[in-house]
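**Student:** after the sequence you'll find the predicted model.
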Amino acid sequence: MKLESYFYNCSPQYIQTIDPSLFDDIHRIMQQLPKRETQSQINTDLFWLLTSVEWNYDTVLSGTGSNSPKDLNLGQYIDTIKERNERHYCLTSTTLNTRWHSDFAKQFGSNLVQLEAQFGKVEAMFKDFCGFRIAYAERRLALGIEIVLSNPMVYFAHRRNAIGGMANFKIAKDTLNSIGLDCPIWLVGITEV
């Protein structure tokens with residue numbers, strides 16, 4: 001996959017202060033994503049790729065097998081991933097009784113990074129941004145990462161009728177510039193090469 005980035009209240013240099021390898025690791029993971037037919041397949045691949053480098057997750061998606069897909073070349077097993085998962089890092093708020101979680105999270109020393117993969121409707125993207133804002137207001141979050149498709153109509157040209165209203169890079173970038181959040185968010189758009 002090919003990536004584009006937009007840095008909202010942050011920069012590549014800021015990301016490197018969280019962890020020197022974070023920026024490159026996310027790029028590498030996104031570039032490993034194979035072209036898939038559906039959003040759920042992309043989500044499943046992201047689950048395997050992120051957990052293979054010890055990102056914590058909220059839930060295992062329905063239909064996720066007991067081991068990683070062979071074409072990802074990871075050799076990961078769900079039981080091992082479940083044993084080491086620390087879901088509490090995905091918790092959006094520790095003060096509100098919301099039981100609301102980000103998709104993925106990883107602690108880098110004292111810096112918490114949460115990641116949302118949004119291949120659904122634009123409305124769900126707003127929830128992701130709100131979650132980042134809440135965690136940041138509680139002084140827990142160092143960075144929120146939002147992953148969207150750059151152009152879903154091109155990526156899913158074979159099923160355009162099924163993807164109307166899907167979040168995309170331009171809408172996410174324009175939204176961030178309109179709503180005035182004060183938290184650092186790295187927006188990552190992915191598209192096939």
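**Tutor:** Cool, got the structure. Residues are numbered from 1 along each chain as shown.
**Student:** which parts of stretch 6-25 are buried?
**Tutor:** Taking 16 or more other Cβ atoms under 10 Å as the basis for neighbour counts, the residues of stretch 6-25 that come out buried are 6, 8, 10, 15, 18-19, 22-23. C-beta: built from backbone N, CA, C; applies to glycine.
**Student:** make that stretch 186-193, sorry
**Tutor:** Neighbour-count burial for stretch 186-193, counted by 16+ other Cβ under 10 Å, picks out 186-191.
**Student:** pLDDT below threshold where in this protein?
**Tutor:** The model of the chain has pLDDT under 70 over residues 157-163, 193.
**Student:** longest strand in it, by number of residues?
**Tutor:** Taking residue count as the measure and DSSP state E as the definition, the longest strand of the chain comes out as strand 141-149.
**Student:** what's the closest non-adjacent residue to Glu192?
**Tutor:** Lys35 (5.1 Å; Cβ to Cβ, 6 or more residues apart in numbering).
**Student:** for this structure, what spans make up the helices?
**Tutor:** According to DSSP state H, the chain carries its helices in the segments 12-18, 22-32, 39-51, 78-84, 122-137, 152-155, 169-179.
**Student:** and the ones you listed: which comes nearest Phe104?
**Tutor:** Distances from Phe104 to each of the helices of the chain were compared using Cβ to Cβ; the shortest belongs to helix 39-51, at 5.2 Å.
**Student:** and for the residue nearest to Glu192, the neighbour number?
**Tutor:** For Lys35, the tally of surrounding residues (other Cβ atoms under 10 Å) stands at 11.
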